[in-house]
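Novice: structure for the following, please:
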Amino acid sequence: MAFAAADAHGPCREGAEGSRLHRVFAQGLLIAGVILSGCGANSGVDVSGPEDGFDTELESSTGGSSRAEVPGWSGDWAQGGPGDWPGYIPADIPRLEGEIASLWEVPESHIRMGYRDLSLDKVQDYLDLLESLGFSLEYRVFVREGFPDRSEERMAQGDYDDVVVTKGEYQLGISYDADPTLDVYTSGFREEAIAAVAEANRKEWPSAIPASVPEIPDCDLQRADPGEFSSFDLSCVKQTDHVEADYLLLLESAGFEKRDRAVLGDVVLEQVVYENAEAIIYPLFDSASSHLNLVVYVKDQSAPPPDDSPGGPVYVQLSSQWPEGLEGLVPEPANCEITSASEYGETHSVSCVPSSVSVAADYLALLLEAGFEEMYEPSDLGNGSFAAGMMSSAVQVTVFFDSTFNTMDINVFANNP
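Specialist: Take a look at the predicted model:
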């Protein structure tokens, strides 16, 4: 995809009405070379990364949006419905006044706010204010591959798609239309954003977890959701660089034994776990992540041994092979070494290490070729990382690619009947 741009002082700025940006990030990954053209000269340079702009299609399903939420998302999105302007955004970035119909906070990347009942005149007033405060404005028009290039005509009419706003470390992106989507990137205040969101979403340690399971020191609990097999899915924000190692030592000192296999009622967990008489802990540690994730399985002391259960034990395979249950249903990614694959009920989770930077984009293309459709516009998470959602008549697939640590996570969910 190519786009044309004009700065705030160029001749392309005049005009009133704009059209909403419909940018497909997955296609952007697959197209070699994104061309930035000046308003008058049409000279081009290659650009990449989050400064290419922002996708506007990933929003909450609240507030009247017709776009789907991200199913199964367990990452850093905080909120998703109506909200207020986050107080941790520096005062140097002025507030865009108006009703925020949807608020998504990804403190490690950006804050996304979808506005309702806000006119284009108000949007332009806000852009004028930013310019008066020393921000640089770049008005842009996108040209979709395979469609006529009307960028010069549209820019002459002031019919822009979005505006990229920068000042030092601060960066914003706003769709140039009524009811805009505003992205405020946290590059200039990342630590403050992470701390504020962590504090706002702090959870209490579940009382149903046995007392023999120690809480996680130096880690602010953000998620404590009941799961399958009498389990709790826990996630916390690490306050030190050695939270994982400290917690494993704490488990061992509390009497937990490290095992390669554990039995929970009629379920067999074939993975490294830590176990005592009351609970099984399955760590999902990633030292590169700001979060620590683990699953705590609470044992049923009255349950019969698995060999006495009707039908025998049920095995939960956490292997390094593409799940057999997905054969013919979801294509396996090529050139991606599987490091773990698990199945819980009708949900499959697979993690793999791509052999090259193109593997993740190639996999999205493979899903499209297999007949899958996009559930929502993929989200650019910065530095080449992204989250995408695809669906077929039978299943939904979410793909999370982390370019920094070269990992790809694939989650498959059965469609609701």
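Novice: all contacts plus neighbour counts: C-alpha atoms, from now on.
Specialist: OK.
Novice: quick check: which element contains the residue lying closest to Val350 once chain neighbours are set aside?
Specialist: Leaving aside its sequence neighbours, Val350 sits nearest to Ala341 (CA to CA, 6 or more residues apart in numbering; 4.4 Å). Using DSSP states H and E, Ala341 maps to strand 336-344.
Novice: try Glu145
Specialist: With DSSP H and E as the test, Glu145 turns up in no helix or strand.
Novice: and the gap between it and Thr398?
Specialist: In this structure, Glu145 and Thr398 are 25 Å apart, going by CA to CA, to the nearest Å.
Novice: ok, those two, which is more surrounded?
Specialist: Thr398 (22 against 12; other CA atoms under 10 Å).
Novice: just the pLDDT for the more buried one.
Specialist: Looking at Thr398, its pLDDT is 89.
Novice: and Leu251, by the same measure?
Specialist: For Leu251, pLDDT reads 96.
Novice: nearest spatial neighbour of it, skipping sequence neighbours?
Specialist: Pro214 (7.1 Å).
Novice: look up phi and psi at that neighbour.
Specialist: Note on Pro214: backbone dihedrals following degrees, to the nearest 10 are phi -70, psi 150.
Novice: touching, it and Ser253? I think so.
Specialist: No: at 10.2 Å, Pro214 does not count as touching Ser253 under the criterion of CA atoms under 8 Å.
Novice: who has more neighbours out of these two?
Specialist: Pro214 (13 against 10).
Novice: number of residues surrounding Asp128?
Specialist: Every residue meeting other CA under 10 Å relative to Asp128 is counted, giving 14.
Novice: just want the phi and psi numbers for it.
Specialist: Dihedral angles (degrees, to the nearest 10) for Asp128: phi -60, psi -40.
Novice: and what of Ala195?
Specialist: With angles defined as degrees, to the nearest 10, Ala195 sits at phi -70, psi -40.
Novice: distance check, Tyr185 against Glu169.
Specialist: Note on Tyr185: its distance to Glu169, by CA to CA, is 9 Å.
Novice: helices along this protein, start to end?
Specialist: Assigned by DSSP state H, the helices in the chain fall at 25-30, 120-132, 151-156, 190-200, 243-253, 359-369.
Novice: quick one: buried residues of the fourth one?
Specialist: Spelled out, that is helix 190-200. Arg190, Glu192, Ala193, Ile194, Val197, Ala198 (16 or more other CA atoms under 10 Å).
Novice: correct me, but the second one touches Pro86?
Specialist: No: assessed by CA under 8 Å, Glu192 is found out of contact with Pro86, at 11.3 Å.
Novice: burial of the closest residue to Leu127 other than its chain neighbours, as a residue count?
Specialist: Counting by CA to CA, 6+ apart, Leu127 lies nearest to Leu137, which is 7.8 Å off, once chain neighbours are set aside. Using other CA under 10 Å, Leu137 is surrounded by 21 other residues.
Novice: residues in contact with stretch 351-368: which ones?
Specialist: Outside stretch 351-368, the residues within contact range by CA atoms under 8 Å, 6 or more residues apart in numbering are 26, 29-30, 330-331, 333-341, 373, 390, 401, 403, 406-410.
Novice: more crowded one of Tyr185 and Glu169?
Specialist: It is Tyr185, of Tyr185 and Glu169, that has more neighbours when counted by other CA under 10 Å, with 24 against 10.
Novice: adding distance to Leu96 and pLDDT, write the buried residues of helix 190-200 out as CSV.
Specialist: Converted to CSV, those look like this (distance: CA to CA, whole Å; pLDDT from 0 to 100):
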residue, distance to Leu96, pLDDT
Arg190, 20, 90
Glu192, 20, 91
Ala193, 18, 91
Ile194, 22, 84
Val197, 20, 84
Ala198, 24, 79
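Novice: which one among those residues gets closest to Glu257?
Specialist: Distance to Glu257 across the buried residues of helix 190-200 (CA to CA) is lowest for Ala198, with 31.1 Å.
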